[in-house]
Structures are given as structure tokens and as C-alpha cells.
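Visitor: structure for this input, please:
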Amino acid sequence: MALKFAAKLADLVEDEPLGVTIGEERIALYLLDGEVHATHNVCTHQFALLSDGYMEDGCIECPLHQGRFDIRTGAAQCAPVTQPIRVYGVQVEGGEVFVDL
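Guide: Have a look, this model is predicted:
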């Protein structure tokens with residue numbers, strides 16, 4: 001496990017994605033139903049930051065073409081996206097969020 005610091009838990013707001021960069025990786029963090037989730041922050045359809053998108057019903061909608069991904073699994077939910085996004089393991093300790101890269 002390669003846990004890397006991503007953000008303070010206090011920086012996360014329910015249903016509002018937060019984009020962070022860890023090394024060279026663009027990561028999107030989500031607080032959903034009190035649990036923290038992390039995905040790759042770039043849409044698999046075309047380059048757009050998912051953290052600029054809209055969260056609803058456990059999915060993140062790409063701001064460019066409105067494709068949706070499941071935040072928990074990374075699965076593509078509707079056209080035009082067909083490829084899933086990467087999901088990362090998350091650990092919260094002492095008010096800090098760590099992502100397993």
C-alpha cells in the first residue's frame with residue numbers, strides 16, 4: 001500500500017467533489033454519505049476534470065459532455081463515456097485523508 005496524504009477531512013463537503021494533485025496524479029475526492037471516496041480526476045472520454053462536475057446519486061457527471069461515473073466503482077454509467085475511471089483506496093486517520101496510489 002502506497003498511502004499518500006491527499007487532504008484534510010475538514011476540506012471535504014458532502015456531495016461536492018474536491019480535486020487534488022498527489023505527485024503527478026490528478027485525484028478527485030468525494031464525501032458521500034459520510035464516507036470518503038477517491039477516483040482519477042480526468043474523464044476517460046475527453047480531457048475534463050471530474051472535480052469540476054456535478055455529483056448526484058453516487059455519481060459524478062463530467063462537466064464537458066455529461067457522461068456519468070459511479071464514484072464507488074468507477075463504472076461508466078451513460079454515453080458518451082464507455083471506459084471506467086480508476087478508483088483508489090482511501091484511509092482517514094486523525095482528520096487527514098490518505099489515498100492508496
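
Visitor: look up how far H45 lies from the closest residue to T82 other than its chain neighbours.
Guide: The spatially closest residue to T82, leaving aside those adjacent along the chain, is A76, at 5.5 Å (Cβ to Cβ, 6 or more residues apart in numbering). Where C-beta positions appear, they are placed from N, C-alpha and C, glycine not excepted. Going from A76 to H45 by Cβ to Cβ, to the nearest Å gives 9 Å.

Visitor: then Y30?
Guide: Where H45 is concerned, Y30 sits at a distance of 19 Å (Cβ to Cβ).

Visitor: between the two, point out the one with more neighbours.
Guide: Taking other Cβ atoms under 10 Å, Y30 and H45 do not tie; Y30 has more neighbours (25 against 17).

Visitor: quick check: that one touching V20?
Guide: No - look at Y30 against V20 with Cβ atoms under 8 Å: they stay out of range, at 11.4 Å.
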